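In: would you be able to build a 3D model of this:
(chains A and B)
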Amino acid sequence: KAGVTQTPRYLIKTRGQQVTLSCSPISGHRSVSWYQQTPGQGLQFLFEYFSETQRNKGNFPGRFSGRQFSNSRSEMNVSTLELGDSALYLCASSSGVAGGPRDEQFFGPGTRLTVL
Amino acid sequence: DAKTTQPTSMDCAEGRAANLPCNHSTISGNEYVYWYRQIHSQGPQYIIHGLKNNETNEMASLIITEDRKSSTLILPHATLRDTAVYYCIVRVRDDKIIFGKGTRLHILP
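Out: Here you go, the predicted model:
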């Protein structure tokens, strides 16, 4: 079974631009979560989508948004990029079903975003 | 904020058991203990989780104290490939994951 894939793997943008990152979950998984990882703040939860609906949300400004499609693929968008948005953005998928036999999250390799 | 406390770093000799402690004194009755690890430059990897009973799988064992206020992850025969940051997390199943700083485990040859 193929793992979680994220595209692109690396991205360089300039301040003020916007960016869209893509995540394809493991086949059959309906939940996709996004995380931001920086050296200073560590791993921080952005949001989670389950069956095309946002189910959980972290403490990030409105410039960070996401969506999920009917095939469970997800995208996250960051508008008006700031230098501090430089980070590794990780996507994780899970079955999303509470009480299911395997509800752990499977992480992708991440997209490394550099904002200049 | 993370609900767990872990040592910042630990060393373990290759081939020995690595015992990683975690304190979660405010854990609620419906919260599970999860362990993930992150090898450098990779996404986190699920290891194991449990509610109150001890658990074992092909990667590790999880020992949870009877009062559930602390737990220990045991890697029975550590190898150099186990060098990573290990995160102990408590959460209700299907809730968001709040990562703390984790424990940086160094396996020494």
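In: quick check: the residue nearest to A:Gln68 when sequence neighbours are not counted vs B:Ile107, distance?
Out: Residue nearest to A:Gln68 in three dimensions, not counting chain neighbours: A:Tyr49, with 3.7 Å by C-beta to C-beta, 6 or more residues apart in numbering or on different chains. Where C-beta positions appear, they are placed from N, C-alpha and C, glycine not excepted. When distance is defined by C-beta to C-beta, to the nearest Å, A:Tyr49 is 37 Å away from B:Ile107.
In: who's more crowded, the two?
Out: A:Tyr49 (27 against 20; other C-beta atoms under 10 Å in any protein chain shown).
In: show me what that one bridges to in the sheet.
Out: Per DSSP bridges, the residues bridged to A:Tyr49 are A:Val32, A:Gln54.
In: quick check: the gap between it and B:Asn57.
Out: Plainly put, A:Tyr49 is 28 Å away from B:Asn57 if you go by C-beta to C-beta.
In: likewise for B:Ile27?
Out: For B:Ile27, the distance to B:Asn57 equals 21 Å [C-beta to C-beta].
In: can you pull the contacts of the residue nearest to A:Gln68?
Out: Going by C-beta atoms under 8 Å, 6 or more residues apart in numbering or on different chains, A:Tyr49 touches A:Ser31, A:Val32, A:Ser33, A:Arg55, A:Gly66, A:Arg67, A:Gln68, A:Ser74.
In: out of the residues you listed, which comes closest to B:Cys88?
Out: Distances from B:Cys88 to these, taken as C-beta to C-beta, are shortest for A:Ser33 (18.4 Å).
In: so what pLDDT did the nearest residue to the closest one once chain neighbours are set aside get?
Out: In this structure, A:Ser33 finds its nearest non-sequential neighbour in A:Glu48, 4.2 Å apart by C-beta to C-beta, 6+ apart. Looking at A:Glu48, its pLDDT reads 92.
In: pull the number of nearby residues for A:Glu48.
Out: For A:Glu48, using other C-beta under 10 Å, the count is 27.
In: what do you get for A:Gly110?
Out: Using other C-beta under 10 Å, A:Gly110 has 24 neighbouring residues.
In: that one reaches A:Val4, doesn't it?
Out: No. Applying C-beta atoms under 8 Å, one finds A:Gly110 not in contact with A:Val4, separated by 9.8 Å.
In: ok now do B:Ser28, which residues does it touch?
Out: B:Ser28 touches B:Val92, counting by C-beta under 8 Å, 6+ apart.
In: settle it for me: which of B:Ile27 and B:Asn57 has more neighbours?
Out: B:Ile27 (21 against 11).
In: so who does B:Val92 touch?
Out: B:Ser28, B:Asn30, B:Glu31, B:Tyr32.
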